[in-house]
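Peer 1: just need the structure, nothing else, for what follows:
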Amino acid sequence: MMNNDVIEIYTDGACSGNPGPGGLGIVMKYKDQRKELAYGFKLTTNNRMELIAIIVALETLKKENSNVVVYSDSKYVVDSINLGWVYGWVKKGFKDKANPDLWKRFLEIQKKHNIKFVWVKGHASNRENNRCDELAVAASKSKNLLIDEGYELSKKGGGLEL
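Peer 2: Just a heads-up that it's a prediction; the model follows:
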């Protein structure tokens, strides 16, 4: 991958309460272009926000087979991918694993690109990761929160009234 032909994606998720109101922040950079995205959700978890941020960023890409580097402070997501855990979960039908709806969605979109995942320390010196955190926290506190249907529907079956 040539450096100027790489799309850099920074993502972060935030959740107040876990589960509780959540948000995600994304910074996408390609050459001299920059795009920021943020969405807030009424009821979700931190891990779901981390994973949805990456999915939304990848789904935003217009060209398939893009060279992408995703920077995330989520060990849950980065290790699940880089250490291959998610592929074992697929073989076991995601039995007893959280967020199968999102992992299946991720596996579909990741096939379309050449992606490298890099873990970055959260709340540290990474400017773009810190910006994503600001976006995610602000989105979680916004008035027009979205519904994380995958989370809320999975909890309804468990007797939780929403």
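
Peer 1: counting by contacts, list what the host helix or strand of Ile26 packs against.
Peer 2: Applying DSSP states H and E as the criterion places Ile26 in strand 20-30. Applying 3 or more CB pairs under 8 Å, 6 or more residues apart in numbering; DSSP states H and E, one finds that strand 20-30 contacts strand 6-15, strand 33-44, helix 46-60, helix 127-140. All C-beta spots, glycine's among them, are computed from the backbone N, C-alpha and C.

Peer 1: give me the buried positions along stretch 142-160.
Peer 2: 145, 148, 150-152 (16 or more other CB atoms under 10 Å).

Peer 1: which pair in these spans the largest distance?
Peer 2: Farthest-apart pair in these is Leu145 and Gly150; separation 15.1 Å (CB to CB).

Peer 1: for the residue nearest to Tyr76 when sequence neighbours are not counted, give me its contacts.
Peer 2: Spatially, and ignoring its direct neighbours in sequence, Tyr76 is nearest to Asn47 (5.0 Å; CB to CB, 6 or more residues apart in numbering). Asn47 is in contact with 13, 74, 76-77, 98-99, counting by CB atoms under 8 Å, 6 or more residues apart in numbering.

Peer 1: mind checking the end-to-end distance for stretch 93-109?
Peer 2: 18 Å (CA to CA, to the nearest Å).

Peer 1: average model confidence for it?
Peer 2: Rounded to a whole number, the mean pLDDT of stretch 93-109 is 95.

Peer 1: next one: it to chain centre, how far?
Peer 2: Distance of stretch 93-109 from the chain centroid (CA atoms, centre = their mean, to the nearest Å) equals 13 Å.

Peer 1: with that, I have no additional questions.
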